[in-house]
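pasting the structure only:
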C-alpha cells in the first residue's frame, strides 16, 4: 500500500491494514499509535485478534467502517511459528516471568517429541494461562495473577489443525501451528511439556497468517505512521482537509466545528505574509491561514514521535548544541522535524516511508529553501545506530553555519511571536 493509493477519507470509509507487530508492543500500543497518527482527525481504529506483548508478527488492524468486520476477521484460523524450551516452566507459560520449576530432559528423544505433538491434533480442551487478558469479574486475569490471587479457570474447546515440529536442538524445540480462534499457544506449549512428563515454556512466537492474510504482506508500524503523516501533510499543502463522514466513523474531534478548523480556502503564498496576517499567537515563519490546523498536527507529532525522532530529541533538547532547537516546528505550510531558527537550519529525520514521498520531499525542500532555510536530511537508521555521531554532526553543522537572522528580544535562542519587529517576509531572510 502506498500513499498515492490512500486518502484520509478512504481510511474513514474503511481500511484493512496488515501490521508487523514489534516485540514487546501490546496490540493496543499498535492501535494507539495509528489512532494518534490521524489526530486531530478522529477515526475508529481496532485490531482483529490480540497478540501477546512478547509475540511478533501479523496484526490485522481495521479503520473506519471496516471495524464493523473485526469479528469476522477474528474468527478465521491462525498460523504461528515459535520456539519452546523443554525442562522448565514459568507461571506465565512464557518469558514474561521467571522459571519456577526445572526438569531433567535427558530421557526425551526426538521421537517422543514428534509423537506427543500428534496427540494435540484436532479438537482439544485448553485452559487459558493465569497471565492472560481474559476478564473474570470485570478484571483481567493477569492483573489478579500479579497480585498473587488464584482464580478458578474454565477450559475451552479449541482446534489444532496442524502441530509440526520443525527443528529440535535440546532444550529448544521449534514448531509451526495452525489453530482456531481463541487458542493460547502458551497453554499449548505448557500442556505439551506435561504430556512429555516434563515441563515447557514459550520463548518465541510469531503469527505468520490470519485467514488469507500473510505476514509477508504486512507493513512496519512506523512506516505506516509515517505514511499517514505524509498524507495529512499532503492534504494541508493542497489547502484542505476532508470532511470525513459520517462523524462517528471519522472527522475532527469536535465535529460541530469542522469548518472552523479547516485551512483557509485561499491561503496567501508561503513566506508572503502581509502585516494584516500578523495575528497575535501565530509563530514566526508560519502561514497564518493554516497555522491552527498545523499546530494541532505539530502537537500530535510531538506527543507521538518516531523512535528515531525521540532518540535525537533527547540529545538536542535543553540547548545542548549551544542554540535552541525546536521540534515539529511550523514553517509556512510545513512542519519541520527539527529547526534552528537562528541559523535557519532544518534537520529532517527520514524513515523508510520517504521512499514513497520523494516527489513531495523535493517540493518541500525547494519551498523551504526559497524561504531561506537549509535542509539537512538524516537517516532513521543513522540516528538509531550512531546517535552520538549524528549529534556531533549536527553540532558541527550549526557551528559552521553563519547566523542568518537576528531574533527579536525576549525570545532567547528560539523563534518569536509576530510583532512589528519580527521578520516575516521570505525576501528579508537571506542566507
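Alright, I've got the coordinates. Fair warning: this is a prediction, and the values are worked out from it, not measured in the lab.

what residue ranges in this protein score low on pLDDT?
For the chain, applying pLDDT under 70 flags the ranges 1-5, 130-152, 235-291, 293, 351-361, 405-431.

report the longest helix in this protein, please.
helix 221-237 (DSSP state H).

how about the helices of the stretch 201-350 of the chain, start to end?
For the stretch 201-350 of the chain, helices defined by DSSP state H, counting those that start in this stretch occupy the ranges 221-237, 258-261, 291-303, 307-316.

tilt between the last one and helix 221-237?
When you say that, I think you mean helix 307-316. Angular relation of helix 307-316 and helix 221-237 on a 0 to 180 degree scale: 80 degrees, by axes from the mean of the first three to the mean of the last three Cα atoms, to 10 degrees.

can you give me the offset of helix 307-316 from its chain's centre?
16 Å (Cα atoms, centre = their mean, to the nearest Å).

Of all the residues in that helix, which ones are buried?
For helix 307-316, a neighbour-count test (16 or more other Cβ atoms under 10 Å) marks 308-309, 311-313, 315-316 as buried. (Glycine included, C-beta is placed from N, CA and C.)

host element of residue 10?
Secondary structure assignment for residue 10, by DSSP states H and E: helix 8-13.

if we can go back for a sec, now do the longest helix of the chain against helix 291-303, angle only.
Using the same axes, to 10 degrees: helix 221-237 against helix 291-303 is 170 degrees.

in the helix holding residue 10, what counts as buried?
Those would be 8, 11-13, for helix 8-13 by 16+ other Cβ under 10 Å.

Which of the residues you listed sits closest to residue 116?
Residue 116 has its nearest neighbour among the buried residues of helix 8-13 in residue 11, at 46.4 Å by Cβ to Cβ.

OK, contacts around the closest one?
Counting by Cβ atoms under 8 Å, 6 or more residues apart in numbering, residue 11 touches 38, 43, 63-64, 228, 250.

Using TSV, please lay out those together with neighbour count and distance to residue 402.
Listed next are the contacts of residue 11 as TSV, based on neighbours: other Cβ atoms under 10 Å; distance: Cβ to Cβ, whole Å:
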residue	neighbour count	distance to residue 402
38	22	40
43	21	45
63	25	47
64	21	50
228	24	37
250	26	47
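
Closest to residue 346 out of those?
Top of the list for closeness to residue 346, among the contacts of residue 11 and by Cβ to Cβ, is residue 228 at 21.5 Å.

Identify the bridge partners of residue 124.
residue 158 (DSSP bridges).

and it, how many neighbours?
Neighbours of residue 124 under the rule other Cβ atoms under 10 Å: 18.

what's the answer for the one 4 residues further on, then?
Per other Cβ under 10 Å, the neighbour tally for residue 128 reads 20.

that's a strand at it, yeah?
No: under DSSP: H, G, I helix; E, B strand; the rest coil, residue 128 sits outside any strand and is assigned coil.

how close does it get to residue 72?
Noted for residue 128: a distance of 23 Å to residue 72, by Cβ to Cβ, to the nearest Å.

domain assignment for the protein?
As recorded under automatic domain parsing, the domains making up the chain are 3-75+214-230, 78-210, 283-428.

Out of the helices of the stretch 201-350 of the chain, which one sits most buried?
helix 221-237 (a mean of 20; mean count of other Cβ atoms under 10 Å).

which secondary structure elements does it contact?
Counting by 3 or more Cβ pairs under 8 Å, 6 or more residues apart in numbering; DSSP states H and E, the packing neighbours recorded for helix 221-237 are helix 8-13, strand 15-21, helix 27-38, helix 291-303, strand 334-340, helix 358-370.

Please name the bridge partners of residue 56.
residue 206.

How about the one 5 residues further on?
The partner list for residue 61 in beta bridges (DSSP bridges) reads residue 17, residue 47.

ok, back up a step: need the buried residues of helix 8-13 in TSV with distance to residue 194, can you?
Formatted as TSV, the buried residues of helix 8-13 follow (distance: Cβ to Cβ, whole Å):
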residue	distance to residue 194
8	51
11	46
12	49
13	49
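
wait, which of those residues is closest to residue 50?
Of all the buried residues of helix 8-13, residue 50 sits closest to residue 11, with 22.2 Å by Cβ to Cβ.

Quick check: most distant residue from the centroid of this structure.
Here the chain reaches farthest from its C-alpha mean at residue 107, the gap being 45.7 Å by Cα atoms, centre = their mean.

Let's verify that one: helix, strand, or coil?
coil.

got a list of what it touches?
By Cβ under 8 Å, 6+ apart, no residues touch residue 107.

10 Å - rerun?
Under the criterion of Cβ atoms under 10 Å, 6 or more residues apart in numbering, the neighbours of residue 107 are 196-198.

These in strands, which ones?
Residues of the contacts of residue 107 located in strands (DSSP state E): none.

which among those residues end up buried?
For the contacts of residue 107, a burial check counting by 16+ other Cβ under 10 Å picks out 196, 198.

ok, so of the contacts of residue 107, who is nearest residue 173?
residue 196 (10.0 Å).

How much space separates the closest one from residue 16?
40 Å.

cool, residue 109 as well?
Distance of residue 109 to residue 16, computed by Cβ to Cβ: 45 Å.

and what of residue 77?
Using Cβ to Cβ, residue 77 is found at 17 Å from residue 16.

which residues in the stretch 301-431 of the chain form strands?
326-331, 334-340, 345-350, 374-379 (DSSP state E, counting those that start in this stretch).

Just put these in CSV and tack on distance to residue 183 and mean neighbour count.
Formatted as CSV, the strands of the stretch 301-431 of the chain follow (distance: least, Cβ to Cβ, whole Å; neighbours: other Cβ atoms under 10 Å):
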stretch, distance to residue 183, mean neighbour count
strand 326-331, 43, 23
strand 334-340, 43, 24
strand 345-350, 40, 21
strand 374-379, 41, 16
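
okay if I get these as CSV plus distance to residue 320?
Output for the strands of the stretch 301-431 of the chain, formatted as CSV (distance: least, Cβ to Cβ, whole Å):
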stretch, distance to residue 320
strand 326-331, 13
strand 334-340, 12
strand 345-350, 14
strand 374-379, 16
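
returning to that earlier point: between the helices and strands packed on helix 221-237, which one is closest to residue 234.
helix 358-370 (6.3 Å).

picking that back up, just give me the closest of the contacts of residue 107 to residue 94.
Nearest to residue 94 among the contacts of residue 107 is residue 198, at 16.8 Å by Cβ to Cβ.

need the contact list for the closest one.
Counting by Cβ under 10 Å, 6+ apart, residue 198 touches 86-89, 102-105, 107-108, 112, 116, 171, 192.
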